[in-house]
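>>> my questions concern the predicted model and sequence given below.
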Amino acid sequence: MTTSLPPLPEPVRKDPQKKTPSALIPPSARSRLGMRLSAEAARGRFRLPHCNACNQPVWPPREACPACLSSLQWRDADATGTLIAETTLETSPELYFRERTPWRVGTVDLAGGVPVMAHLHAQCRIGDTVTLRLFLDKADRAVFMAFSDLDSPDLREDIQLRELTNDPRHRRVLITDARTPAGVALARAMTKAGAKRIFAGIGDAWKRDAAIEALEGMETVSTVPLDLTDTRSVEELCGEIGGKVDILVHNAEQVRPGGVMAGRGIADAKQLHEKLVFGFMRLAESFGPVMRSRGADGVNAATAWVNLLSVYAHANWPAYGQHSAAHAATLSLAQCLRGEMQGSGVRVMNAFAGPLEQDWHDQVLPPKVTADRLAREIVGALQGGQQDVYIGDVARDVAERFEDDAKLLEMELAGDGQ
Amino acid sequence: MSTGFEDIVITAPTSVAYTRFSNESAHWWLLAALRDMLAGAGLRPADIDGLTVSSFTLHPDSAVGFTQHAGLSLGWLEHLPMGGASGVIALRRAARAIQCGDASIVACLSGDTNQLDSFRQTLSRFSHFSNDAAWPYGSGGANGYFALIADHYMRRFGIARETFGQIAAAQRSNALSYPHALMKTPLSVEQYLDARMIASPLGLFDCVMPCAGAESFMVMRADMAHRLGLPAVRPLAIIERHNGFAEDPVQFRGGWTYDRDQLWQRAGCAPADMDFVQTYDDYPVISLMQLEDLGFFEKGAGDAFIAGHDLTCGGSFPHNTSGGQLSVGQAGAAGGFLGIVEAVRQLTGSAIGAAVPNARRALVSGFGMVNYDRGVCSAAAVLERANQPATAARHPTTTESEAAA
């Protein structure tokens, strides 16, 4: 039986006379080998180095197996172990932890003899069989956390877990292009996950449609005027709600088929870039600095910036060639933003999807991603503290092929439909 | 098969008075020890031809940079970054070098400075393993890692915190007469138990206070020490082990267990023959582990053994007679020399604090370097009082540097 946890306190309104706390982040120094764990965890994987000869997992990361000196390979690992030692730290020389004590950590015996230091979920007790999960902490570095009961209804009431995730619960979310199936689904999923308030960005608010009606029907949602192609519109909205946005979701989308030789190529591309690429930059110029400065603002801190991207941002799919190009540009800018957000505690998350279940993909064969699934998985990745999430079978397949051999994928995509 | 140490001796135990913080460099502290030690022994810098150096804050310099800094020309040099095991291991290296004729007088130096942020800086980049897999978990440093070891140890063997408290309280009592000790207020077991928690189950008095200081000694042949009129001590046997029991998922025993039979066999004596013991006491739990792993009592029987003995200088089991790091302070790598330097003073009748009456033989053990989750280096030496020169006087203490500090 796991013990029940009291609910996390709801954030209180900030006293405007109080200083906004400066961002503190946990230690970020890692060896290149150690960074590998972060690169795995960023994509939601639980992989550890394993010996190629004796197949045993190895931790901390090494250059050879300590049992037989054979080479190592990162592979999916069994995450089950036993909690064999624990401590509650009451003080720490690192300011980040000093502000957050008491803080519980422990030693997990993984695979019978591999000691793994881990943050402990409040429900873990000595002797428990525990499951390890990897999360990116506020420094965007992977850390282990041990759980005794991942199905516990109180799982998310843990303060240390909240520190490692970007859970929408109690938080305020801006959806930049809410008048889309994905926008409406995101508003629903965020509400279900406990978001306190959702700002739904709407262009041409006078145009009524089913999406607007659906959004207005949700108690948590406030529609706000936002035209991503208009710098002033973005600035005005930021002036109004910039300091209240804890999670920003840039989900602007405009799918059109066609490559570079199609008749309307440039006109379509300009429109798409205005909304998606320059829209991203407009948001980054106004909302970026505000979020960056609020990354440590207590319980009401800014926590994540999410981009909805096509998986063909990684490699061009000629059938939707200019669309791929706009997403590739946005991905590149997102990587830049990630660099600029380092040290602020604000995560930049990219959600990659394959073709969505929508009109402009009517010529695309299934499987296609529904808006509901898209929204659900984005919320899940926020709760899992991930950096990249691949949604749907196509996205996962393309990502896998991209990681395996980017050149081969490029050639396969070029031959697609021939 | 390793041979004995025949006519090798340790002499010139030297301590530079500790300070909580220091703006001086590690070089300053090491040089202060060297200067005082040479002056006390009546030697000039050119007389030493071998050197070992142990220091964390000497970085980015190593022993090599230190020779140029100090203007020493040497035929033999060792950099020993082995933390709490470096004192015993320096003795072992120096003794072998002299036996083989590679050096004739070896100065073994340890020392560290403690500027305001030195401690955090040393910890935050201690090792790759630490950066990758330990420091990000609350950054408790040694307190956090030893809290995990103590937590497991207490559960496994049913050891009570009172036992740790008795070790700490007895050491404080020893420290009251030791001139360099930074902690000079008596400590009771109740005060130990009531102190605030640092990292459960470790409380305030389980932890050492980081400080600046230096400790050193010299190794040479007995006849040389005799000629110089220096009281000296003979090493009977020395062991070291690195990365012992790597298969234990959490440390509950140290490398001493591997080698203790060899140690006592070579020394030709037994734990019961020791007149006092100096353990590496970064935490009382580690002192307890050393005592049992070196054969003073059965594994896990610490509660009864400690309760049944008086650990003060005049008691039935004198332990960490200077007060140890728990009461003197932890001057970085000098913490790994404190025990051996104090042992040489006690055995030569030149204790600067309370003396163990008629001490003839002693055990000194070392433990060092939490690379990830446990101390990796362990070492121990059995020492015996050598025949003293007729003219032997009390060792000169460190007046010159004390005044400067």
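That came through, no problem.
>>> can you list the weak-confidence ranges in the stretch 251-400 of chain A?
Low-confidence segments of the stretch 251-400 of chain A, defined by pLDDT under 70: A:262-265.
>>> tell me the residue of it that sits nearest chain B?
Residue nearest to chain B within the stretch 251-400 of chain A (C-beta to the nearest C-beta): A:Gly385, separated by 13.9 Å. C-betas here are computed from N, CA, C, even on glycine.
>>> helix/strand/coil for that residue?
The three-state label given to A:Gly385 by DSSP: H, G, I helix; E, B strand; the rest coil is coil.
>>> isn't it up against A:Leu136?
Yes. With contact defined as C-beta atoms under 8 Å, A:Gly385 counts as touching A:Leu136 (5.1 Å).
>>> mutual contacts of these two, please.
Listed as contacting both A:Gly385 and A:Leu136 by C-beta atoms under 8 Å, 6 or more residues apart in numbering or on different chains are A:164, A:347.
>>> these two: which is more packed in?
A:Gly385 (30 against 22; other C-beta atoms under 10 Å in any protein chain shown).
>>> did I read that right, B:Thr52 in a helix?
No. Read with three-state DSSP, B:Thr52 is strand and lies in no helix.
>>> quick check: buried residues in the lengthiest strand in chain A?
Criterion DSSP state E: the longest strand present in chain A is strand A:80-89. Across strand A:80-89, burial judged by 16 or more other C-beta atoms under 10 Å in any protein chain shown covers A:81-89.
>>> so is that strand next to chain B?
Yes. Using C-beta under 8 Å from any C-beta of the partner chain, strand A:80-89 reaches chain B at A:84-89.
>>> does the very next helix or strand once past that strand come close to chain B?
Toward the C-terminus, strand A:80-89 is succeeded by helix A:95-98 as the next helix or strand (DSSP states H and E). Yes. Applying C-beta under 8 Å from any C-beta, one finds helix A:95-98 in contact with chain B at A:96-97.
>>> and helix A:95-98, what does it pack onto?
Under the contact criterion of 3 or more C-beta pairs under 8 Å, 6 or more residues apart in numbering or on different chains; DSSP states H and E, helix A:95-98 touches no helix or strand at all.
>>> for chain B, what's its nearest residue on chain A.
Closest contact between chain A and chain B, by C-beta to the nearest C-beta, is at A:Gly34 (3.1 Å).
>>> now do stretch B:292-308: everything it contacts.
The contact list for stretch B:292-308 (C-beta under 8 Å, 6+ apart) reads B:156-160, B:162-163, B:166-167, B:253-254, B:256-257, B:260, B:263-264, B:270-271, B:277, B:288, B:291, B:363, B:365, B:380.
>>> among those residues, which are located in strands?
B:277, B:363, B:365, B:380.
>>> count residues in the vicinity of the last one, would you?
When you say that, I think you mean B:Ala380. Applying other C-beta under 10 Å, we find 31 residues neighbouring B:Ala380.
>>> now the third one
The burial count assigned to B:Ser365 is 31, neighbours taken as other C-beta under 10 Å.
>>> for chain A, give me its nearest residue in chain B.
Using C-beta to the nearest C-beta, the closest approach of chain B to chain A is made by B:Asp132 at 3.1 Å.
>>> contact partners for that residue?
Counting by C-beta under 8 Å, 6+ apart, B:Asp132 touches A:30-31, A:33-34, A:37, A:60-61.
>>> let's see it at 7 Å
Counting by C-beta atoms under 7 Å, 6 or more residues apart in numbering or on different chains, B:Asp132 touches A:30-31, A:33-34, A:60-61.
>>> any chance of those in CSV, plus pLDDT and neighbour count?
Formatted as CSV, the contacts of B:Asp132 follow (pLDDT from 0 to 100; neighbours: other C-beta atoms under 10 Å in any protein chain shown):
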residue, pLDDT, neighbour count
A:Arg30, 95, 21
A:Ser31, 94, 15
A:Leu33, 93, 16
A:Gly34, 94, 19
A:Pro60, 96, 24
A:Pro61, 96, 21
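>>> pull the most distant pair out of the residues you listed.
Distances among the contacts of B:Asp132 were taken as C-beta to C-beta; the most separated pair is A:Arg30 and A:Pro60, at 10.4 Å.
>>> mind splitting the chain into its structural domains?
Assuming you mean chain A. Using automatic domain parsing, the domain parsing of chain A gives A:32-164, A:172-415.
>>> sorry, I should have been clearer: chain B.
Chain B breaks down by automatic domain parsing into domains covering B:8-116+B:211-232, B:127-209+B:235-385.
>>> now mean pLDDT too, for these, in TSV please.
TSV is the format used below for the domains of chain B (pLDDT from 0 to 100):
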stretch	mean pLDDT
domain B:8-116+B:211-232	97
domain B:127-209+B:235-385	97
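>>> using TSV, lay out those together with distance to A:Thr165.
What follows is the domains of chain B, written out as TSV (distance: least, C-beta to C-beta, whole Å):
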stretch	distance to A:Thr165
domain B:8-116+B:211-232	35
domain B:127-209+B:235-385	16
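>>> and of those, who's closest to A:Met261?
Comparison of those against A:Met261 by C-beta to C-beta identifies domain B:127-209+B:235-385 as nearest, at 50.1 Å.
>>> centre of the chain to that closest one, how far?
The chain centroid and the centroid of domain B:127-209+B:235-385 are separated by 9 Å under C-alpha atoms, centre = their mean, to the nearest Å.
>>> please work out how many residues are found near residue 302.
Unless you meant another one, I'm taking chain A. Counted with other C-beta under 10 Å, A:Ala302 comes out at 29.
>>> that's the wrong chain, I wanted chain B
Count around B:Gly302 with other C-beta under 10 Å applied: 27.
>>> for A:Ala146, same thing?
When neighbours are counted by other C-beta under 10 Å, A:Ala146 registers 28.
>>> mind listing what it touches?
Applying C-beta under 7 Å, 6+ apart to A:Ala146 gives the contacts A:83, A:106, A:108, A:118, A:120-121, A:124, A:130, A:132.
>>> which two of those lie the greatest distance from each other?
Using C-beta to C-beta, these reach their maximum pairwise distance at A:Val108 and A:His121, which is 11.6 Å.
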